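[1] here's a sequence, model it:
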Amino acid sequence: MPGLRGQHLYELSELAGPGSSGSPIVLKPLVRLMGAPSWHVIGEYIGEHFVHAEGRVAFAGYASSVDALIEWRPQLLGGRTIFEL
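    Prediction:
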């Protein structure tokens, strides 16, 4: 995505589609152990990007890592983290 910068990003091989921004990105374990959670949230879907070049179309979905959100202090929340609410 043009102008997208950061160190806590995932480039995804699949697109979630329009309206999916903010959706959780989950890591599903290959083997489910008894009593273990079956899903682990690792990120948040933030958008997709298409490139048209030489008659071909390339695309990628992008997600921010949950780690990037842990210390995020948005002005909307009064400069507090989600854990300080």
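
[2] give the next helix or strand downstream of the longest strand seen in the chain.
    In the chain, taking DSSP state E as the definition, the longest strand is strand 40-53. Next helix or strand after strand 40-53 toward the C-terminus (DSSP states H and E): strand 56-65.

[3] so what's the gap between that following strand and the chain middle?
    Taking C-alpha atoms, centre = their mean, to the nearest Å, the mean C-alpha location of strand 56-65 is offset from the chain mean by 11 Å.

[4] what helices and strands are in contact with that strand?
    Packing partners of strand 56-65 (3 or more C-beta pairs under 8 Å, 6 or more residues apart in numbering; DSSP states H and E): strand 9-12, strand 40-53. To be clear about C-beta, it is placed using only N, CA and C from the backbone, and glycine gets the same treatment.

[5] tell me the strands beside it, with direction?
    Strand 56-65 has the following strand partners under DSSP bridges: strand 9-12 (antiparallel), strand 40-53 (antiparallel).

[6] looking at these, which is nearest to residue 22?
    Among these, strand 40-53 comes nearest to residue 22, with 6.1 Å by C-beta to C-beta.

[7] quick one: contacts of that closest one?
    1-2, 10, 12, 15-16, 20-29, 57-66, 69 (C-beta atoms under 8 Å, 6 or more residues apart in numbering).
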